[in-house]
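> turn this into a structure:
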Amino acid sequence: MALTPSRVPASSSDIRRWRRYLADEQAEAAVYRDLASRREGEEREILLALADAEFRHEEHWRELLGPGFGPSKRSAVRTTVLGFFARRFGSVFVLALAQRAESRSPYESDSDATPAMAADERIHAEVVRALATRGRLRLSGTFRAAVFGANDGLVSNLALVLGIAASGVPTGVVLLTGVAGLLAGALSMGAGEYVSVSSQRELLNAGRPNPEAANVISDLDVNANELTLVYRARGMSESEAAEHAAEVLLAHARGTGAIPVVRAEDNSHEAVGTGMGAAVSSFCFFSSGAIIPILPFLFGMEGVAAILVSSLMVGVALLLTGAVVGVLSGASPTRRALRQLAIGFGAAAVTYVLGLLLGTSLG
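This is a model prediction of the structure:
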């Protein structure tokens, strides 16, 4: 393995840094092995190959440290957390975290790491991104409905409750309004998601090949061969379409014909999800979000105290949902969490001010 050029004896800070790198590499390799133990086939092989690559990086830091360097320094907190989730869940959530960990590697700016190691980390991030994308496609439809439902429940019901409370009406009215907003919003979200996703699936179905078209292939005019037009319309070049059409006609002539299909795998339905799944997710998550703003009123709190507690609870929930979206999308969870918080509190502040104005004008 290529090491850095000969240099003066390592300083204590160098030793600490190398030990931390070694611990990180060991932890990341363990994460990939844990994930591989929950996979089969190609994904398992890819994850084990990533673990092997991390082991090669471990060897680099071992050689720099030399014999007798003592136990490895504790790995970074994010790597430790990543390992915990990998052992407990082994889901796309962990792959998304691993993607961020690989993309933040310090090797490019560290002269003690080889250029090959820095390049490895970049490629590892892309490999993990591709693996995570498979999981994101499987959950994107239902996950979108769930996140939007929870966020809408938090924001809309907080805005509704604060606006009504600011107008000066009794606590019972505020609570009743919040419950009505929860039920109305959850039913509306569920129905809307069902119609939206079902309609999208119907549009996708309309573009899929009709299997009955294969029944007329044997009757086609071989000289005209309009089957070529089908494949050209599906994206093949003229020469590719003609070649493929000839293969299909020959197969049917020999009695081994197959239905002409689109060459690329169609993952559209998987990414969209099901109408019922999206509807149930929207209803449940809107309800779980919308109940939070009214909890203080349910437990008998009143006035400013209830408003402050309600706002605090919703703020924490908005931060959590924003962070989860950030992690799963491979973006900064902190930035997404703060954005979610700002949008939610901004909407609630507007309705609160309007409630104050309405209460003053009516009073």
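> is residue 300 in a helix, a strand, or coil?
Judged by DSSP: H, G, I helix; E, B strand; the rest coil, the three-state class of residue 300 is coil.
> state the pLDDT value of it.
What the model reports as pLDDT for residue 300 is 86.
> how many neighbours does it have?
9 (other C-beta atoms under 10 Å). Any C-beta I mention is one placed from the backbone N, CA and C, and that applies to glycine too.
> just the one 10 residues further on next, same as before
One way to gauge burial is a neighbour count; for residue 310, by other C-beta under 10 Å, it gives 25.
> so who does it touch?
Shown in contact with residue 310 (C-beta atoms under 8 Å, 6 or more residues apart in numbering): 158, 161, 162, 292, 293, 294, 295, 296, 297.
> just residue 353 next, same as before
Contacts of residue 353 (C-beta under 8 Å, 6+ apart): residue 166.
> what helix or strand is it on?
helix 333-362 (DSSP states H and E).
> what's the farthest-apart pair in the contacts of residue 310?
For the contacts of residue 310, the farthest-apart pair by C-beta to C-beta is 162 and 295; their separation is 13.8 Å.
> and those two? Which one has more around it.
residue 162 (27 against 15).
> pretty sure the more buried one is touching residue 308, no?
No: at 10.4 Å, residue 162 does not count as touching residue 308 under the criterion of C-beta atoms under 8 Å.
> how far away is residue 158 from residue 172?
According to C-beta to C-beta, to the nearest Å, residue 158 and residue 172 sit 19 Å apart.
> more neighbours, those two?
residue 158 (31 against 10).
> wait, that one touches residue 293, no?
Yes: judged on C-beta under 8 Å, residue 158 makes contact with residue 293 at a distance of 4.2 Å.
> overlap in contacts of those two?
Contact criterion C-beta under 8 Å, 6+ apart; residues shared by residue 158 and residue 293: 310, 314.
> would you map the helices across the stretch 51-200 of the chain?
For the stretch 51-200 of the chain, the helices defined by DSSP state H, counting those that start in this stretch cover 77-88, 92-103, 115-166, 171-206.
> tell me which of these lies nearest to residue 58.
helix 115-166 (10.8 Å).
> give me the average confidence score over that closest one.
Mean predicted confidence for helix 115-166 is 79.
> and that helix, what other elements does it pack with?
The contact analysis (3 or more C-beta pairs under 8 Å, 6 or more residues apart in numbering; DSSP states H and E) places helix 115-166 against helix 41-65, helix 92-103, helix 171-206, helix 268-272, helix 275-290, helix 303-328, helix 333-362.
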